[in-house]
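Asker: Next comes the sequence, and after it the predicted model I'd like to discuss.
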Amino acid sequence: MVCLLDWNFSTRSLTKTHQMANTPCPSLYIFSGLPATGKTRLAKLLARKLSAAYLRVDTVEQGLRDLCDVSVEGEGYRLSYRIAAENVLIGVSVVADSCNPIELTRDEWQEVEEQAGAGCVNVETQCSDVTEHRVRAERRQSDIEGLVLPSWQAIENREFHPWSAERIVVETSGRSIDESFNELLAALERRSCK
């Protein structure tokens, strides 16, 4: 187990505080999916709708490259875990936007959820129409200064493990961003009613 957090704060205190204030406990919404599947747009819309903190691993990684002049491997994820945990511990829900492609990163996000005592929702975006996915990948432009987006070939060759944990899957091919977002909201509503 990787120690992601270092604090002397009881997660039971967090839950009790929210119960006393009659406010919901914060949640961690963990987005995943290959580049150019609509993940960032959906994550930003959800963060805005929920008034949640928005945390994008690409931004953290590019910041590390720019400020520290380092080659980034897993550091961006690990720093993001800490930022997410701090927000959850002060009662702020977090929408985390990353490819989250392998079991290791998924397990580490799960550790954040467990250690911070937050609710957790995994969301995977997919674009199953290969032609549409390729067009999106080739037409998009980076909104993070200095970030070089992956080529279509890099996206096709990217390691992406099948999921074993429960998640909401949002298929974005053939749909507008609004249609995909409404599908996500409906899935979240169904999940909350369970």
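Answerer: Looks like it came in fine. Numbering: from 1, shown residues only.

Asker: Surely A187 is in contact with I168?
Answerer: Yes: using CB atoms under 8 Å, A187 makes contact with I168 at a distance of 4.5 Å. Placement of C-beta: from N, CA and C, glycine included.

Asker: Where is the longest strand in the protein?
Answerer: Secondary structure of the chain per DSSP state E: the longest strand is strand 119-126.

Asker: got the CA coordinates for the helix or strand following it in CSV?
Answerer: Next helix or strand after strand 119-126 toward the C-terminus (DSSP states H and E): helix 130-139. Taking C-alpha atoms only, helix 130-139 is exported to CSV below (Å, rounded to 0.1, in the frame of the first residue of the first chain):
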residue,chain,number,x,y,z
VAL,A,130,-13.1,4.4,-34.4
THR,A,131,-13.5,6.8,-37.3
GLU,A,132,-15.2,9.5,-35.1
HIS,A,133,-12.6,8.9,-32.4
ARG,A,134,-9.7,9.4,-34.8
VAL,A,135,-11.3,12.6,-36.3
ARG,A,136,-11.6,14.0,-32.7
ALA,A,137,-8.1,13.1,-31.9
GLU,A,138,-6.6,14.7,-35.0
ARG,A,139,-8.7,17.9,-34.8
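
Asker: What is the subsequent helix or strand relative to helix 130-139?
Answerer: helix 152-157.

Asker: strands paired with the helix or strand just after that next one, and their directions?
Answerer: Using DSSP H and E, the helix or strand that follows helix 152-157 towards the C-terminus is strand 168-171. Using DSSP bridges, the strands paired with strand 168-171 in its sheet are strand 119-126 (parallel).

Asker: Can you point out the buried residues in the partner strand?
Answerer: Neighbour counts over strand 119-126 (16 or more other CB atoms under 10 Å) mark 120-126 as buried.

Asker: Kindly report the same for stretch 133-150.
Answerer: Of all the residues in stretch 133-150, those buried under the rule 16+ other CB under 10 Å are 133-134, 136-137, 149.

Asker: Just the C-alphas of whatever helix or strand V88 lives in, formatted as CSV.
Answerer: Per DSSP H and E, V88 falls inside helix 75-89. These are the backbone C-alpha positions of helix 75-89, laid out as CSV (Å, rounded to 0.1, in the frame of the first residue of the first chain):
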residue,chain,number,x,y,z
GLU,A,75,4.3,12.0,-10.2
GLY,A,76,1.4,13.9,-11.7
TYR,A,77,-1.0,11.2,-10.5
ARG,A,78,0.6,11.0,-7.0
LEU,A,79,0.4,14.8,-6.6
SER,A,80,-3.2,14.8,-7.8
TYR,A,81,-4.1,12.1,-5.2
ARG,A,82,-2.9,14.4,-2.4
ILE,A,83,-4.7,17.5,-3.8
ALA,A,84,-7.9,15.5,-4.1
ALA,A,85,-7.6,14.1,-0.6
GLU,A,86,-7.1,17.5,0.9
ASN,A,87,-10.2,18.8,-0.8
VAL,A,88,-12.3,15.9,0.3
LEU,A,89,-11.1,16.2,3.9
